[in-house]
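Enquirer: got a predicted model here, sequence first, then my questions.
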Amino acid sequence: MQIIRDSSEEEMVLMFLAAEVDSPQFGRGARGALGEISLVRNPDLSDATANARRKGALATYRGYGMNKLLFEGFPRMVAWKLVEVTVSELGKFHYARVTPWTTLSKGSLLVHDGAANVQTVPAEYANANILAVERAIAGHQAFPPLIATAQATDDRHFLLEGHTRASAYVRALAPNETLQVIIGYVADLSGWRWL
């Protein structure tokens, strides 16, 4: 795992939305909250108004900055970094503690366990979506970076966005291949609801 550079809240929000506007599960909510798809298709991170609109959209449908939904109990003080990880390292990341990921990983929450259980453990919509993304990866489709979080004093990493893609990467790519993840480092993650 290697830090490439500092990231920012604005970049994290943009990448979160860029990934979810096309998601089978979250796409409708993301597009509805966003209004203008150009805010993620042709972004300008130097535009404060566009940044505020994207942040408002993520707040509306995912609870970002509102202490609700996915971000219930999530710390406000976060140092965002763009990090390069190997597929092997990504397999050691944890899913958020929510169905279907608890089911697919058989309770371990480890991405490599969930990836290994695709097609053998029924897990709502997850299996079909993972297999679809796996096919897209095989076809060289590019995706935005995953979004994760970690406590500065703990080597465990938890996915915020990209559970399906992370599982598909672990299934489709060689262990030493690398990908980018935006990781939010925090002092204390113990209050986050989905830990």
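Expert: All right, it came through fine.
Enquirer: packing partners of the host helix or strand of residue 84?
Expert: Assigned by DSSP states H and E, residue 84 belongs to strand 79-86. Applying 3 or more CB pairs under 8 Å, 6 or more residues apart in numbering; DSSP states H and E, one finds that strand 79-86 contacts strand 2-6, helix 9-20, strand 178-186. Any C-beta I mention is one placed from the backbone N, CA and C, and that applies to glycine too.
Enquirer: in JSON lines: these, plus mean pLDDT and mean neighbour count.
Expert: Below are those laid out as JSON lines (pLDDT from 0 to 100; neighbours: other CB atoms under 10 Å):
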{"stretch": "strand 2-6", "mean pLDDT": "98", "mean neighbour count": "10"}
{"stretch": "helix 9-20", "mean pLDDT": "98", "mean neighbour count": "23"}
{"stretch": "strand 178-186", "mean pLDDT": "98", "mean neighbour count": "21"}
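Enquirer: could I get the contacting residues of the closest residue to residue 101 other than its chain neighbours?
Expert: Leaving aside its sequence neighbours, residue 101 sits nearest to residue 95 (CB to CB, 6 or more residues apart in numbering; 3.5 Å). Residue 95 makes contact with 101-102, 104-105, 109-111, 114, 158-159, 163 under the criterion CB atoms under 8 Å, 6 or more residues apart in numbering.
Enquirer: centroid-nearest residue for the chain?
Expert: With distances taken as CA atoms, centre = their mean, residue 161 lies nearest the centre of the chain, 1.8 Å away.
Enquirer: where does the protein have low pLDDT?
Expert: Filtered on pLDDT under 70, the chain yields no residues whatsoever.
Enquirer: state which helix of it is the longest.
Expert: Using DSSP state H to define each element, the chain has its longest helix at helix 48-62.
Enquirer: what lies in contact with that one?
Expert: With contacts defined as CB under 8 Å, 6+ apart, helix 48-62 is touched by 9-10, 13-14, 16-17, 26, 29-30, 32-36, 39-40, 43-45, 64-66, 69-71.
Enquirer: list the buried residues for it?
Expert: Neighbour-count burial for helix 48-62, counted by 16 or more other CB atoms under 10 Å, picks out 50-51, 53-55, 57-62.
Enquirer: Serialize these to CSV and add fields for distance to residue 133.
Expert: Formatted as CSV, the buried residues of helix 48-62 follow (distance: CB to CB, whole Å):
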residue, distance to residue 133
50, 28
51, 28
53, 28
54, 23
55, 26
57, 23
58, 21
59, 26
60, 25
61, 21
62, 20
